[in-house]
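Asker: need a 3D model of the sequence below.
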Amino acid sequence: MLYENIFEISKTLRFELKPYEKTLHHLERNNILTDDTLKFDKREYMQSLFDDDFKKLIDETLALISLDQDLLTEVFSEDTSIKERASEQLKNYIKSFFDTSSPLFSPDKHLKLLEQSYPTDDTIRLFKGFSTYFKKFFDTRKRIFSEITHGTIAYRLIDENLVIFKKNIDKFNMLPDELKQQLLSIGGHKINALHLYSSYLTSYNIVKYRFYVK
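Answerer: Next comes the predicted model:
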């Protein structure tokens, strides 16, 4: 079984807001409708720029994390209370590394950062003063970083990816000794123990892991 991606960026909902006929002429006359339509069309592009920064933050942060070996083992305890406690501690530990009060999580401040990074980008300038367009998008992203429930970074790392990592170790240990030795000689030693899991948290290292388990 292949290792999963660390998380999937959920798509924000789109809502089509149509003006009443009575106000349509006013909007067209003042070029408001044209500007709003353009912003709507470009919103997905802007969200991809925001997400690029978020993905960079995730990889830079996860590269600093080393998960407690005892807690990793306890996640697979037959005692439900021990298992749940260890899982919650690990998820809260991961969550603690992300500061959602940073400028990246503010639509207005993040937009200003993009303006500085891409001073000639006309699309970014189009949204100057209109950061409220992205409020729901940022609320969703903040939840991914700041909570431990389904769909968050912490959840994916512990309740999904770690489980797959452990299953692959179990499969490895069930192989015939001769085959295990062959695999160990070509990289199997890098993935066959639970304490090695911290080495495969970032997206770059997940790609390496997938190479080892093919």
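Asker: CA atoms for contacts and neighbours, from now on please.
Answerer: OK.
Asker: where exactly do the helices run in the chain?
Answerer: 21-29, 32-62, 69-74, 80-95, 107-117, 122-126, 135-146, 153-155, 162-173, 177-185, 203-213 (DSSP state H).
Asker: could you dump the ones you listed to TSV with mean neighbour count?
Answerer: Below are the helices of the chain laid out as TSV (neighbours: other Cα atoms under 10 Å):
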stretch	mean neighbour count
helix 21-29	11
helix 32-62	15
helix 69-74	16
helix 80-95	18
helix 107-117	17
helix 122-126	15
helix 135-146	18
helix 153-155	25
helix 162-173	17
helix 177-185	12
helix 203-213	15
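Asker: any chance of TSV for the ones you listed, columns distance to His195 and mean pLDDT?
Answerer: What follows is the helices of the chain, written out as TSV (distance: least, Cα to Cα, whole Å; pLDDT from 0 to 100):
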stretch	distance to His195	mean pLDDT
helix 21-29	61	45
helix 32-62	16	82
helix 69-74	5	98
helix 80-95	13	98
helix 107-117	36	96
helix 122-126	44	91
helix 135-146	24	94
helix 153-155	17	94
helix 162-173	10	88
helix 177-185	16	75
helix 203-213	14	82
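Asker: now those in TSV, with distance to Leu196?
Answerer: Below are these laid out as TSV (distance: least, Cα to Cα, whole Å):
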stretch	distance to Leu196
helix 21-29	60
helix 32-62	14
helix 69-74	9
helix 80-95	15
helix 107-117	35
helix 122-126	42
helix 135-146	23
helix 153-155	17
helix 162-173	10
helix 177-185	14
helix 203-213	11
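Asker: Lys42 and Thr123 touch, don't they?
Answerer: Yes: if you go by Cα atoms under 8 Å, Lys42 and Thr123 touch, sitting 6.9 Å apart.
Asker: distance check, the closest residue to Phe134 other than its chain neighbours against Asp121.
Answerer: Excluding the flanking residues, the one nearest Phe134 by Cα to Cα, 6 or more residues apart in numbering is Pro107, at 6.3 Å. Counting by Cα to Cα, to the nearest Å, the separation of Pro107 from Asp121 is 17 Å.
Asker: just Lys171 next, same as before
Answerer: As judged by Cα to Cα, Lys171 and Asp121 stand 50 Å apart.
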